[in-house]
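In: Model the structure of this input:
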Amino acid sequence: MAGFSVQRYAPERTTWGRLMARDSVVRRLDWPLLGSAIALSFIGSLLVWSATRGRDSLTHGDPYYFLFRHALNTGIGIALMIGTIWLGHRTLRGAVPVLYGLSVLLVMAVLTPLGATVNGAHAWILLPGGFSLQPSEFTKITIILGMAMLLAARVDAGDQVHPDHRTVAKALALASLPMLVVMGMPDLGSVMVMVVIVLGVLLASGASNRWVFGILGAGVAGAVAIWQLGLLDDYQIARFAAFANPALDPAGVGYNTNQARIAIGSGGLHGTGLFQGTQTTGQFVPEQQTDFVFTVAGEELGFLGAGLILVLLGVVLWRACRIARETTELYGTVVAAGIIAWFAFQSFENIGMTLGIMPVAGLPLPFVSYGGSSMFAVWVAIGLLQSIRVQRPITA
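Out: Numbering: from 1, shown residues only. So this is what the prediction gives:
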């Protein structure tokens, strides 16, 4: 991939012990990346609180219910990030087969009686205590790690300059199995993210562009076939119809998008003030603490507040790109590129659907939306990025 510098990895010069001896892990962390992610989660807690504090049917009469749980999810996510840094991305590289197998079993468990349907997608596992798990969020990570392990193995060993066609075919097969299961739920939004991840990983690995164009062509052909054969659920067809024509059913399938645009548009430059948005307090926008949390920012914090979220997301992507460029092993570059593709597309899709420029796909805004599975997954991804930066080779 143009712009990424990939050199062979010399393990004898980059042991964790030498790193600890010669430099401090804390000093080597990417603090702008970490600070931006924490700031996004903090802003998200305020937006989630504003969106839910008056909804007794959701909070059971406790206005702090979602605020506490969002803060708890963030805390657990940060702990997972620390654990990921401590283990290191290279240690996780050896555990990829186990992690991949567990993630596939979890997504397949959704299709059993353990699975539950939320907002039309049979993509959840209900846990005791009112908690739920969305396995497809963690599958994004294992797809990145699994494909990176396969594509980088012979390149980092010095046997190849770029992954050969056989290696690419194996990597695509690895990604296809969980994607097919997630498609069957159906969870079209997660599948879209996974496809973008696969493309980002292939581009960063230096694989032949014929594979990228082939996947794009197959994706278009598959989308047409799915549409023509009527394999989409009714609610998915309705979402695409509302995207194509927002005025088609403003009180029905187009309601979410129309109310979201009204909320964002009413914020103006400075916003109405936190907890003062009429669309938010009036509960006009459904799923406002999850998929449509950006509407709270647009209405109550205005263009400036919503713009701050975009800037912070931009900093996360910028620092991730820098980490991908600076690592001297293909494995680290590919892992970072997969995370970049994931965060970039999911952020664009989430914000785009609130503005009416993308179809509603049920994807959370990274770090900001309420949701434990999503929060845990994105913080593990931050841990992987930090590990790649921390464990960069130290020249003698």
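
In: lowest-confidence helix or strand of this protein?
Out: Within the chain, no helix or strand scores below helix 16-22, which has a mean of 48 by mean pLDDT, DSSP states H and E.

In: any idea which helix or strand comes after it?
Out: helix 25-28 (DSSP states H and E).

In: For that next one, name the packing helices and strands.
Out: Packing partners of helix 25-28 (3 or more C-beta pairs under 8 Å, 6 or more residues apart in numbering; DSSP states H and E): helix 372-390. For every residue, glycine as well, the C-beta is placed using N, CA and C.

In: Quick check: mean pLDDT of the helix it packs on?
Out: Mean per-residue pLDDT for helix 372-390: 95.

In: again with stretch 211-226
Out: So the average pLDDT for stretch 211-226 ends up being 78.

In: got it, and stretch 169-179?
Out: 92.

In: Can you list the low-confidence ranges for this protein?
Out: Scanning the chain for pLDDT under 70 picks out 1-23, 119-121, 128-130, 223, 225-254, 393-396.

In: Break down it into its strands, ranges please.
Out: 115-118, 121-126, 132-133 (DSSP state E).

In: Tell me which of the ones you listed lies nearest to T272.
Out: For T272, the closest of these is strand 115-118, at 30.1 Å, according to C-beta to C-beta.

In: how far does the closest one sit from the chain's center?
Out: 20 Å (C-alpha atoms, centre = their mean, to the nearest Å).

In: Residues touching it, excluding its own?
Out: Applying C-beta atoms under 8 Å, 6 or more residues apart in numbering, the external contacts of strand 115-118 come out as 109, 122-126, 132, 185.

In: Ok, stretch 296-305 next?
Out: 43, 47, 50-51, 263-280, 288, 306, 308-309, 354.

In: buried residues in that stretch?
Out: 296-302, 305 (16 or more other C-beta atoms under 10 Å).

In: Then stretch 276-286?
Out: Those would be 277, 279-281, 284-285, for stretch 276-286 by 16+ other C-beta under 10 Å.

In: next one: stretch 149-159
Out: In stretch 149-159, counting by 16+ other C-beta under 10 Å, buried: 149-156.

In: What segments of the stretch 1-150 of the chain are helices?
Out: For the stretch 1-150 of the chain, the helices defined by DSSP state H, counting those that start in this stretch occupy 16-22, 25-28, 31-52, 56-59, 65-87, 89-94, 96-109, 135-156.

In: I215 versus the nearest residue in space to G271 that is not next to it in sequence, what's the distance?
Out: Closest residue in space to G271, ignoring its immediate chain neighbours: G302 at 3.1 Å, by C-beta to C-beta, 6 or more residues apart in numbering. Using C-beta to C-beta, to the nearest Å, G302 is found at 40 Å from I215.

In: What of L203?
Out: 11 Å.

In: Likewise for R90?
Out: Per C-beta to C-beta, R90 is found 28 Å from I215.

In: Spatially, which residue comes closest to T257, not counting chain neighbours?
Out: G356 (5.2 Å).

In: Phi, psi for the one you found please.
Out: Here is the backbone geometry of G356 (degrees, to the nearest 10): phi 80, psi 10.

In: and F294, what is it in contact with?
Out: With the criterion set at C-beta under 8 Å, 6+ apart, F294 makes contact with 264, 306, 309, 350-351, 354, 365, 368.

In: about what we covered before: thinking the residue nearest to T257 is in contact with I262, fair?
Out: No: counting by C-beta atoms under 8 Å, G356 sits too far from I262 to count as a contact (10.7 Å).

In: Relative to F131, how far out is D187?
Out: Where F131 is concerned, D187 sits at a distance of 19 Å (C-beta to C-beta).

In: ok, these two, which is more surrounded?
Out: In terms of neighbours (other C-beta atoms under 10 Å), D187 is the more surrounded of D187 and F131; the figures are 26 against 11.

In: The more buried one against S136, yeah?
Out: Yes: applying C-beta under 8 Å, one finds D187 in contact with S136, separated by 5.6 Å.

In: Pull up the overlap in contacts between those two.
Out: With C-beta under 8 Å, 6+ apart as the test, D187 and S136 both reach A123.

In: G383: what's it in contact with?
Out: If you count contacts by C-beta under 8 Å, 6+ apart, G383 has them with 80-85.

In: Next up, phi/psi of H60, please.
Out: phi 60, psi 30.

In: how far away is it from M179?
Out: Taking C-beta to C-beta, one finds H60 at 37 Å from M179.
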